[in-house]
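Peer 1: pasting a predicted model and its sequence here:
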Amino acid sequence: MRDHRRDGIPHGNLPLELDTFVGRATELAELARALGAGRLVTVTGTGGVGKSRLAARAAGRCRPRDGVWRVELAPLRDEEFVDYAVVEALGLTDHTRRLPRETLLAHLAERELLLVLDGVEHLVDACAALVTDLLGRAPGLRVLSVGRRPLGVAGEQLLPLAPLSPEEAVELLTVRAGQRALTYGYDADLDEGHGEVRELCRRLDGIPLAIELAAGRLGALSPGQVLQRLDDRFRLLTGGDRTALPRHRTLRTAIGWSHELCTPAQRLLWARLSVFAGPFDLEAAEYVCSGDGLLADDVLDVVSALLAQSVLTREETPAGVRYRMLDTVRAYGADWLEATGDAARLRRRHRDWYVGLATWCELEWFSPRQHQVTARVDAELPNLRSALEHCLTEPDEAHLGQYLAGALWFHWVGCGRLSEGRRWLEQAVRLDPERTAGEQSRLKALWVLAYVAILQGDMVPALAALQECREEAELSADPTAVAYAEHRSGCLALVTDDMPRAESLLRSALRRYREIGELNSNVLMGQVELAMARAFQGDMPDAVRLCEDVRQVCEDHGERWTRGYALYVLAYAAWSDGEPGRARELLADCLASAHRFRDQLGSVLAVELLALVTVADGDAAEAAVLQGAAGRMWPSVGLPLFGSAYYNAPHELCEAAAREQLGDERYEECVRHGARLGRREAVSRALRRPGVPASLPAPRGAGRRATAGARTAKPAASPTRKGGETAG
């Protein structure tokens, strides 16, 4: 997610590079005034009239303290995912059992931001309920809703958007034609046909999308030729009476006219591309849409032609070049796809592609391409959700849904999407349990579900899933599933402070992994967890040996996620040995990696341990600030470190030392200061080099110095001492 503060725009996810904006000065000023005066403004209007573009431009002028955040709702089909989409757009992660609505309410309660909900018309009830809740409990929130229908919420201000004026329509057609001429290398001088240009815009009722589609034809046709063909179609539809064509049908008519002018291959690809729920890349289009009249090698040329005609748009993303269809254009293609009788086959091909993509991403997660995999799955979420929904609602495809939900474990666990992952996994394992009992796909979904539940601190459902997985795996003689069930049972014992059982189960699981030749991030995480169990039982040298081995294997394979947890254990060992400098270096690497993966648990563990290292360095005030920052992060993870006495030891040690040096009042001041830091600010502060000044709250009382010296925390409470006081 891009941070625009350096560009003079508060942080958020609103794209800075907006399309050339033509006309709409009056509407833009009116919308800006409405946003300044009201808390909920809805821009309504017919499809293609330019609602989203106007909203983006107006939102880009806003400067709320906590930014402008846009939520694209058009790809969603299930109302249940509205809350998840907002959580995703805000960049929030939550490891707890809280519903996404609760996460949003907690996050927005004290923030001042503008939330742009774009494409609400098919999800009005869900959006209205969400907006009502959020506005009622987040006084600093403003909402800009965009759709063909209002939300119907009390206090809503409506801005109906009319088509362009004749002058604006001509300007838009001229600008777009000129842009396409530069891109595709043809002459687009429209001066000679100015009268025809004005008539063309009038026939298109000033609807921007219809005008852009017409502009896409001006490379091959003159304005007069475009007008002639469009006029012929209008007469065909209305029996010669142009006034009989309602404005809301003008766009669909213009789309249909553009469709008729396409070649058979272009029409075929247009229809088939409608199966995608969101942006897609060329490889996906070639696989899903080729065959039966369209060669894979020809897809690129046809995509290029559809781009030239404004049927598709192209965008650069962290996952590479992607293409998208506007929802109105996609809907037209979907109607044609249904009419061909080929929709079911295309949905199956779409499903197959994204099942294959998930399989590839799971394998690539254990490679130097982990971060690219993260970006790829983020970009593909709308389509992955569509594939999951297809598998979990179609008869006889439960096993594929279970497989897909399980294969995405790395995304649910490693990239901060536990809540959504658990929803899919629970739905998957409920489907046809008798028929899929013992199948590898179901067994994997069960242990992944248990893993997610453990990380959410929900131990009873985790235990039930693990018992079911273990029993079915043993009945079906599946050694891989037995190993994973045993591994996650060891993880469960670890976070519930049963160290002897954790060590026994984890050692057994690692032995099973070696026997079957299994090696991946999960296996290495099992070794890190074993190291934690050894450390908690007082054997830090063994813990270090285990984690150094993990670190080497991770570096050999380019793995970064599990490596971060190994570095965490090694950092605690360095601190306990009186090497705070080395501990800080290891933790900086650990925290940067966890933050990049949006791994909230890994991030907060590292911040807590950095606070302990900082108090050992003699900076008790900064340590307290970091503890306050961690305290703000913990609600998204759950009880501090699952309520474990072992995991919580660094916090307790740091707090005791900082309170002793600062005094209770000064300590609490610094903690409150840290609690005001957002996640990015907290991570940046934690990664600050020692000796670099950082802002601190001024001590209360003139001339008073609350700091009681620079005594350091003593490593006498290291994991090797009695009592098992350790961070793991």
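Peer 2: Nice, thanks for sending it over.

Peer 1: strands of the protein, start to end?
Peer 2: Taking DSSP state E as the test, the strands found in the chain are 40-44, 68-72, 113-118, 141-146, 157-160, 313-317, 320-324.

Peer 1: and the ones you listed: which comes nearest R514?
Peer 2: Distance to R514, taken as Cβ to Cβ, is lowest for strand 320-324 among the strands of the chain, at 37.3 Å. For every residue, glycine as well, the C-beta is placed using N, CA and C.

Peer 1: that closest one packs against which elements?
Peer 2: Where contact means 3 or more Cβ pairs under 8 Å, 6 or more residues apart in numbering; DSSP states H and E, strand 320-324 is packed against helix 282-289, strand 313-317.

Peer 1: what residues of it count as buried?
Peer 2: Buried residues in strand 320-324, counted by 16 or more other Cβ atoms under 10 Å: 322-324.

Peer 1: can you put these in TSV and add pLDDT?
Peer 2: Output for those, formatted as TSV (pLDDT from 0 to 100):
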residue	pLDDT
R322	95
Y323	96
R324	92
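
Peer 1: out of those, the closest to E362 would be?
Peer 2: Among these, R322 lies closest to E362 (Cβ to Cβ), at 21.4 Å.

Peer 1: measure that closest one to L269 for me?
Peer 2: 16 Å (Cβ to Cβ, to the nearest Å).

Peer 1: ok, F410 next?
Peer 2: Counting by Cβ to Cβ, the gap from F410 to L269 is 33 Å.

Peer 1: and if you look at G91?
Peer 2: Applying Cβ to Cβ, the value for G91 to L269 is 34 Å.

Peer 1: the more surrounded of F410 and L269?
Peer 2: For F410 and L269, the more surrounded residue by other Cβ atoms under 10 Å is L269, and the numbers stand at 27 against 24.

Peer 1: who are the neighbours in contact with L455?
Peer 2: Contact partners of L455, counting by Cβ atoms under 8 Å, 6 or more residues apart in numbering, are 95, 413, 418, 601.

Peer 1: tell me, how many residues neighbour the first one?
Peer 2: Neighbouring residues of H95 were enumerated by other Cβ under 10 Å; the total is 23.

Peer 1: ok, the second one next?
Peer 2: By the measure other Cβ under 10 Å, the count of residues near V413 is 24.

Peer 1: now render the helices and strands packed on strand 320-324 as CSV, adding mean neighbour count.
Peer 2: Shown next, in CSV, are these (neighbours: other Cβ atoms under 10 Å):
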stretch, mean neighbour count
helix 282-289, 19
strand 313-317, 12
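
Peer 1: got JSON lines for these, with mean pLDDT too?
Peer 2: Formatted as JSON lines, the helices and strands packed on strand 320-324 follow (pLDDT from 0 to 100):
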{"stretch": "helix 282-289", "mean pLDDT": "97"}
{"stretch": "strand 313-317", "mean pLDDT": "90"}
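
Peer 1: what's near enough to touch the residue nearest to G47 when sequence neighbours are not counted?
Peer 2: In space, and not counting its chain neighbours, G47 is closest to T328: 4.3 Å by Cβ to Cβ, 6 or more residues apart in numbering. Applying Cβ under 8 Å, 6+ apart, we find T328 in contact with 47-48, 209, 251-252, 255.

Peer 1: any idea how far D396 is from T328?
Peer 2: As for T328, its distance to D396 is 34 Å (criterion: Cβ to Cβ).

Peer 1: and if you look at N13?
Peer 2: Taking Cβ to Cβ, one finds N13 at 39 Å from D396.

Peer 1: can you give me the neighbour number for the nearest residue to R435 once chain neighbours are set aside?
Peer 2: Nearest residue to R435, sequence neighbours excluded (Cβ to Cβ, 6+ apart): A398, at 7.3 Å. If you count neighbours by other Cβ under 10 Å, A398 ends up with 25.

Peer 1: A398 and E79: what is the separation?
Peer 2: Using Cβ to Cβ, A398 is found at 23 Å from E79.
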